[in-house]
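> what follows is a protein structure lacking sequence information:
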């Protein structure tokens, strides 16, 4: 069993990641202010001291602790780590993502230093954004100078301020005034905030203050684990993560049975990790056993690496996804870019990395088949070395493996593609995935939403959300490729209204009757696409078409609505018999989020 301590944005992300397992866990918060929707998790409300934590863990056979609490919840962190020491439990610290510390901010170790430095700089009017619990430690300042505190409009918070003797007229509230409005109204000489990370809006607060010419003082986040909590003669297993993917990978490592299927890494993430390791070896003369990789969503994971003669490598972990690239060695060699160059990082393909031979991809024919996402990951992760670099990615067995993929049909020759959007391969198993869809549909129905929206993935969901902003998060369900199975389950569960969001690549397959749109079930049918073009009154040559999305550029703009109506009509013909009593709406999504229906 897992016990999560949350009540934060990170706590919410943690339970979303854990819910995907379908296994039971506990989620503990101090109060009941944070509204969470749990299907498999059990919400435990109310603070616990150390003895109560120990009793709870022993009673419920807790084997893993997740600390997703606020970075400044120091007492909770200490109690949790004492709990872990006493019961010998591993800990996953789910921390925030923090932007680099700016020189424009006056950094302070604690409130005592903040008071001293504000007085040294003659700050007589302060807007404190540090919360109600910091009123007492800041008393030496506000008892002498004009100060406002922004707090939550809760009875408990207002009562704490009153007990501390802080003047009620100088309290301002989160839900009523944005930071820029408060600064304009109060005209402070400075703001005081905490290093609360991306999810705490730290960068926005600093930018707003700087734009108004207001100085910024910030309390540095406490170290984790806190000093002097772990005795020198004791050891404690702590995994540090700052995002849901890292959390899942840590849980898979520490409690393997919690997730029925385990995740893996994309070829893009493996290539990035190998490049980072090779850069360390070249520039810093060190060869770490694992290196940090910043994923596209901003979170950092650590990837094991190895080294060879002039290269670093990663053996691609596919997790439980049936991917032919599982176990492949992906290498990267790094060298300095000599002479004048306008580029910080140049990425090239070596042995076993395919090349594009047809138009329609992220890069023109002749370029290595390394997609835009992985190239950007490599560039972003090598930026820390602050010197122009060339990266050559190679896959020794890539050419042989590529013959077992659809790459040759897509015009990618000579090896595999280096791909990946999120950086993580989520495990794929037909039975398990379909069952997870069923669970999501059950949650969607239970949410009371008037409509369930099914999408192929995060990109299509992002676009369709703009059409239904009133729907709760639980109303959006990912079908992957299993359109037919998802519609059938929606009908079985008695869901009245279903919207199917689909992009063109899957839509042309669905229009041809492929209710499972996975590439292993077949590629797009050009003859049928030609038929649909004819039905729409469009005459165009698609003999060189390699990707369905190229149709957006091939079809004359004024004829696109005619074509989308034909595609949707054919999709409806195949979907409505499966959807049964569900009232089905199909939305075809353009490359830039255009919605056709």
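Nice, thanks for sending it over. Worth saying up front: this structure is predicted, and the values here are computed from it rather than measured.

> the residue nearest to residue 80 when sequence neighbours are not counted: neighbour count?
Using Cβ to Cβ, 6 or more residues apart in numbering and skipping the chain neighbours, the partner closest in space to residue 80 is residue 67 (5.3 Å). Placement of C-beta: from N, CA and C, glycine included. By other Cβ atoms under 10 Å, 25 other residues sit near residue 67.

> I figured residue 67 hits residue 77, correct?
Yes. At 6.5 Å, residue 67 and residue 77 qualify as touching, with contact defined as Cβ atoms under 8 Å.

> next, residue 216: secondary structure please.
Look at residue 216: counting by DSSP: H, G, I helix; E, B strand; the rest coil, its state is strand.

> quick check, residue 499 in a strand?
Yes. Using three-state DSSP, the assignment for residue 499 is a strand.

> that one: neighbour count?
For residue 499, the count of nearby residues is 21 (other Cβ under 10 Å).

> ditto for residue 593
Counted with other Cβ under 10 Å, residues neighbouring residue 593 total 12.

> quick one: neighbours of the residue nearest to residue 89 when sequence neighbours are not counted, just the number.
Using Cβ to Cβ, 6+ apart and skipping residues adjacent in sequence, the residue nearest residue 89 is residue 65, 5.3 Å away. Per other Cβ under 10 Å, the neighbour tally for residue 65 reads 23.

> just residue 68 next, same as before
Neighbour count of residue 68, defined by other Cβ under 10 Å: 25.

> one step back: let's verify the residue nearest to residue 89: helix, strand, or coil?
Residue 65 - assigned by three-state DSSP - is strand.

> any weak-confidence spans in the stretch 451-597 of the chain?
Confidence mapping of the stretch 451-597 of the chain against pLDDT under 70 gives the ranges 517-524.

> same question for the stretch 201-350 of the chain.
Where the stretch 201-350 of the chain drops to pLDDT under 70, the residues are 320-323, 340.

> and with 50 instead?
Of all residues in the stretch 201-350 of the chain, none has pLDDT under 50.

> which stretches of it form helices?
Applying DSSP state H, counting those that start in this stretch to the stretch 201-350 of the chain gives helices spanning 202-211, 244-254, 267-279.

> which elements pack onto the longest one?
Same thing as helix 267-279. strand 290-294, strand 300-304, strand 311-315, strand 329-336, helix 372-382, strand 389-394 (3 or more Cβ pairs under 8 Å, 6 or more residues apart in numbering; DSSP states H and E).

> between those, which gets nearest to residue 81?
strand 300-304 (20.9 Å; Cβ to Cβ).

> how close does residue 223 sit to residue 308?
Using Cβ to Cβ, to the nearest Å, one gets 37 Å for the distance from residue 223 to residue 308.

> can you check residue 512 too?
In terms of Cβ to Cβ, residue 512 sits 46 Å off from residue 308.

> when these two are compared, which one has more neighbours?
residue 512 (19 against 11).

> wait, the more buried one sits on residue 526?
No. If you go by Cβ under 8 Å, residue 512 and residue 526 don't touch, sitting 10.3 Å apart.

> centre of the chain to stretch 471-485, how far?
The gap between where stretch 471-485 is centred and where its chain is centred comes out at 18 Å by Cα atoms, centre = their mean, to the nearest Å.

> what's the answer for stretch 371-380, then?
With Cα atoms, centre = their mean as the basis, stretch 371-380 stands 16 Å off its chain's centre.

> cool, stretch 494-502 as well?
Remark: stretch 494-502 is offset 26 Å from the chain centroid, using Cα atoms, centre = their mean.

> buried set for it?
Using 16 or more other Cβ atoms under 10 Å as the test for burial, stretch 494-502 gives 495, 498-502.

> again, but for stretch 63-80
So, applying 16+ other Cβ under 10 Å, buried residues of stretch 63-80: 63-73, 76-77, 79-80.

> which of those sit farthest apart?
Pairwise across these, and taking Cβ to Cβ, the largest span is found between 63 and 72, at 27.7 Å.

> backbone phi and psi for the residue of the chain most remote from its centre, please?
Distance from the centre of the chain peaks at residue 144, with 44.8 Å (Cα atoms, centre = their mean). When read as degrees, to the nearest 10, the backbone of residue 144 gives phi -120, psi -30.

> for residue 214, see how far away it is.
For residue 144 relative to residue 214 (Cβ to Cβ), the value is 20 Å.

> what's near enough to touch the residue nearest to residue 89?
For residue 65, the contact set (Cβ atoms under 8 Å, 6 or more residues apart in numbering) comprises 2-5, 80, 83-84, 89-92.

> strands along the stretch 351-500 of the chain, start to end?
Using DSSP state E, counting those that start in this stretch, the strands of the stretch 351-500 of the chain run over 355-356, 389-394, 412-413, 424-425, 452-455, 476-478, 497-503.

> what's the closest of the buried residues of stretch 494-502 to residue 9?
residue 501 (26.1 Å).

> for that closest one, give the beta-bridge partners.
residue 587 (DSSP bridges).

> all numbers from here: first residue = 49
That works, and once the first residue is 49, the last one we named lands at residue 549.

> isn't it up against residue 503?
Yes. Using Cβ under 8 Å, residue 549 is in contact with residue 503, at 4.4 Å.

> hey, what's in contact with both of these two?
509, 512.

> not including adjacent chain positions, what is the nearest residue to residue 430?
Nearest residue to residue 430, sequence neighbours excluded (Cβ to Cβ, 6+ apart): residue 393, at 5.2 Å.

> residues in contact with that neighbour?
Residues near residue 393 by Cβ under 8 Å, 6+ apart: 426-427, 430-431, 436-439.

> please pick the buried ones from these.
Counted by 16+ other Cβ under 10 Å, the contacts of residue 393 give 426-427, 430, 436-439 as buried.

> using CSV, lay out the residues you listed together with distance to residue 539.
Listed next are these as CSV, based on distance: Cβ to Cβ, whole Å:
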residue, distance to residue 539
426, 45
427, 46
430, 50
436, 57
437, 54
438, 55
439, 50
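
> so where do the helices sit in the stretch 499-645 of the chain?
506-513, 531-540, 552-559, 574-583, 599-602, 608-627.

> any idea which of those is most buried?
Most buried of the helices of the stretch 499-645 of the chain, by mean neighbour count (mean count of other Cβ atoms under 10 Å): helix 552-559, with a mean of 24.

> chain center to that helix, what's the gap?
Centroid displacement of helix 552-559 relative to its chain, using Cα atoms, centre = their mean, is 27 Å.

> swap in stretch 173-183?
31 Å.

> from residue 306, how far off is the residue nearest to residue 430?
38 Å.

> show me what contacts the most centrally placed residue in the chain?
Central residue of the chain (Cα atoms, centre = their mean): residue 345, 4.5 Å from the mean position. The contact partners of residue 345, by Cβ under 8 Å, 6+ apart, come to 291, 293, 470-471.
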